[in-house]
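Novice: Sequence unavailable; structure follows:
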């Protein structure tokens, strides 16, 4: 069954490569992909694959040489996406016979699409789980950098109120939907609390920081797609709170719990690239490029840390 899925995934990837020059064709191709996934794996996979691509079409970047040539499709974590976009641009400048397509969608989608051979390289902002590796034993991961998950709040909440919030109070809010102590004092309720709607390394890391699993979050907590979705929700709702990667928070008109005063409310986690089995020469070249000291600035530009930054 796994081989059959991988063959179909490879076919989807070839179809995608054939149409990628026409950016208007991306959405129909993704719709076809979702229908195929439904037929093979059932409705449970739809959310993963839909999250992988449909909500990120507007943010995709296609870098290609007009003479054509080899291609790469990279997709997955919305945390890793901004830096892979910049890395792809730089990589294409140095390798003009290559084109690359970069999309987001979440870490779960990065795992699934890589294992199905829908993409060449998957991106996840966490380590692959034991369950994922058991289901997809051919997956190979290489760390290219790291990020920090931070708690954010609406700009109307004072920093004094925000920085007094502790991990136990946040766990009570996210696990039981109950605002207590400093959370209640800041005017935050379950109705103004946001989480990720998609399978996400950001969310897994945040949940682990609270000492729970993401599937233990209370059902009253509203979900949003991607870091950008959570950021927009917190910006738009008074007395709201959520979590994003630090690169999305920096410079945004929101409050961020000060790391220096509340270091327990952050989660440092890896940024990984995946391949299905041993990487091809082109895949390996891109991964190596991402890990070069010369790529440090691409990470800094989006608030991330490369392998060469403390």
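Specialist: Sure thing, it's come through. None of these values were measured; they are calculated from a predicted model.
Novice: where are the low-confidence patches of the stretch 201-310 of the chain?
Specialist: Residues of the stretch 201-310 of the chain meeting the criterion pLDDT under 70: 258-266, 309-310.
Novice: So which residues of it form helices?
Specialist: Taking DSSP state H, counting those that start in this stretch, the helices of the stretch 201-310 of the chain run over residues 201-210, 226-236, 246-249, 281-290, 296-300.
Novice: which other helices and strands contact the shortest one?
Specialist: Packed against helix 246-249 by the contact rule (3 or more C-beta pairs under 8 Å, 6 or more residues apart in numbering; DSSP states H and E) you find strand 139-153, helix 226-236. For glycine as for every other residue, the C-beta is placed from the backbone atoms N, C-alpha and C.
Novice: can you list the domain ranges for this protein.
Specialist: In terms of domains, the chain is parsed into 2-145+270-305, 148-268 (source: automatic domain parsing).
Novice: pretty sure residue 104 contacts residue 76?
Specialist: Yes. In this structure, residue 104 is within contact of residue 76 by C-beta atoms under 8 Å, at 7.1 Å.
Novice: those strands in the protein, which residues are they?
Specialist: Taking DSSP state E, the strands of the chain run over residues 61-63, 70-76, 98-105, 121-124, 139-153, 194-196, 222-224, 241-245, 255-256, 266-276, 305-306.
Novice: Pipe the domains of the chain into CSV and attach mean neighbour count per row.
Specialist: Shown next, in CSV, are the domains of the chain (neighbours: other C-beta atoms under 10 Å):
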stretch, mean neighbour count
domain 2-145+270-305, 19
domain 148-268, 19
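Novice: picking that back up, do you know which of the helices of the stretch 201-310 of the chain lies nearest residue 267?
Specialist: Taking C-beta to C-beta, helix 201-210 is the member of these nearest to residue 267, at 4.0 Å.
Novice: got the angle between that closest one and strand 266-276?
Specialist: Compare the direction of helix 201-210 with that of strand 266-276 by axes from the mean of the first three to the mean of the last three C-alpha atoms, to 10 degrees and you get 140 degrees.
Novice: Would you confirm that residue 138 contacts residue 276?
Specialist: Yes. Using C-beta under 8 Å, residue 138 makes contact with residue 276 at a distance of 5.3 Å.
Novice: Which neighbours do these two have in common?
Specialist: Shared contacts of residue 138 and residue 276 (C-beta atoms under 8 Å, 6 or more residues apart in numbering): residue 115.
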